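> I'd like to go over a predicted model; first the sequence, then the structure.
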Amino acid sequence: MSDNNSKNNSYLNVINKINNYSFQLYCHLTTKLYNKKAEAIMKALAYKFSVFLIILLNLNNIAKAQSITINQPTTSSRWNSGKQHIIIWTASGITNVDIEYSTNGGANYFTIATSVDASSGSISWDIPSAISSNQCRIRIKESGGSTTATTGNFTIGYIQITQPTAGAVLQAGSSFNLTWSRYQVTNVSGFYSIDGGQNWTILFTSSNSGNYNWNPIPNTPSSNCRIRIVDAAGGSSIFEISPTFSIVSLQLTSPSGAVIEGGTQFPISWTANGVSQVNLYFSLNGVGGPWTLITTTPISAGSSPYVWNVPTSYSSNVYLRVQDAAYSSIYSNSSSANTIANITITDPTNGTKLFKGVIYNIQWQKKSDKFC
């Protein structure tokens, strides 16, 4: 635009000089040589000067009409590396433009597009990946000409979500550590979706770290879950959405705190959502195991309850576990310890009749001295 102003000033200077000369000539001819011949000369010169002035004025107007103004991005823009943004401009008196970008305050420029129809006023720019700079600029210049417009510095940054990964399976009610990296971003907000990103629920509003302990994971089983991490700066376009992952539900409901006679059968019950097959285990030494497989092959997650042949190994610290057959990290244990009792009830026996209000002695026999 500075080139145009210089041109305009030059034209105006010429016009002013011509006007002064014309006036002086007029005065000279009318006062010194006023006759028909002088009048004819004056008219001829005035006509030529008028034509010349008109040409100069037209050139001046053309110079004034050549302009470019960049509307987007502005110096407050925060654009997302690796994603598409729209560059917007207005142009007058120009046919085609070349568009360039810089990441170092204008020291170097790289081509976005050439010979773009100036009247289109916009172009979609697929920003290259991994640009991280707060000294980015856009330059639009007349193709083959001198008219140029340049933005001030603006920011291009990005966020990378590292956990969860594509296909991850998270268990409702448990916890999971979300992790991400951020570039040209200070604070972020987090959201989750269970419908592929159509709707989002807030996880946290502002964090300047690179992780968040999601606890508890909601009991909203879905195979179309996503995480979105967003630059918390006002007006920013920087965000990232994770690949699709799943939330499943698996909960052992029985037994818990039960006393079970060894050598008998006892039902194990659970609920499952989003799980296809499960394995069942028991431990005689608490949740730390070791765990012994009950089912020799995976069984349907919908086959609850399962009848367990209780071992004759006696313990007061017995736990049961139901585990996703495909993902060993998805499991649920008894909520409290069970006991496998080391006794056999000898009286009453099967078929014995008991009467209300009558005291009756119950008798049992230890199976070994390991009774707990």
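Structure's in. What do you need?

> can you pull the contacts of the most centrally placed residue in the chain?
The centre of the chain sits closest to E240, judged by C-alpha atoms, centre = their mean, with a distance of 2.1 Å. Shown in contact with E240 (C-beta atoms under 8 Å, 6 or more residues apart in numbering): Y158, I159, Q160, I161, W180, R228, I229. Heads up, the C-betas are built off the backbone N, CA and C, glycines and all.

> ok, D126 next?
K83, Q84.

> read off the pLDDT value for the nearest residue to W89 once chain neighbours are set aside.
Excluding the flanking residues, the one nearest W89 by C-beta to C-beta, 6 or more residues apart in numbering is I70, at 4.9 Å. pLDDT for I70: 98.

> which among the contacts of E240 count as buried?
If you count burial by 16 or more other C-beta atoms under 10 Å, the buried members of those come out as Y158, I159, I161, W180, R228, I229.

> which of those fall in helices?
Nothing among the buried ones among the contacts of E240 maps onto helices, per DSSP state H.

> among these, which one sits closest to D324?
Closest approach between these and D324, by C-beta to C-beta: I161, at 23.9 Å.

> contacting residues for I362?
I345, D347, P348 are the contacts of I362 under C-beta under 8 Å, 6+ apart.

> using TSV, lay out those together with distance to G235, neighbour count and pLDDT.
Putting the contacts of I362 into TSV (distance: C-beta to C-beta, whole Å; neighbours: other C-beta atoms under 10 Å; pLDDT from 0 to 100) gives the following:
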residue	distance to G235	neighbour count	pLDDT
I345	76	12	76
D347	82	11	85
P348	80	13	88
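
> and those, which of them are in strands?
I345, D347 (DSSP state E).

> before we move on, the earlier item: so what's the residue nearest to the centre of the chain closest to, chain neighbours aside?
In space, E240 is closest to I159, 4.0 Å off (C-beta to C-beta, 6+ apart).

> hang on, the earlier thing: please identify the helix or strand for the residue nearest to the centre of the chain.
When elements are assigned from DSSP states H and E, E240 belongs to strand 239-241.

> paired strands for that strand, with orientation please.
Next to strand 239-241 in the sheet, as set by DSSP bridges, lie strand 222-231 (antiparallel).

> only the buried residues of the partner strand, if you could.
Neighbour-count burial for strand 222-231 flags S222, C225, R226, I227, R228, I229, V230, D231 (criterion: 16+ other C-beta under 10 Å).
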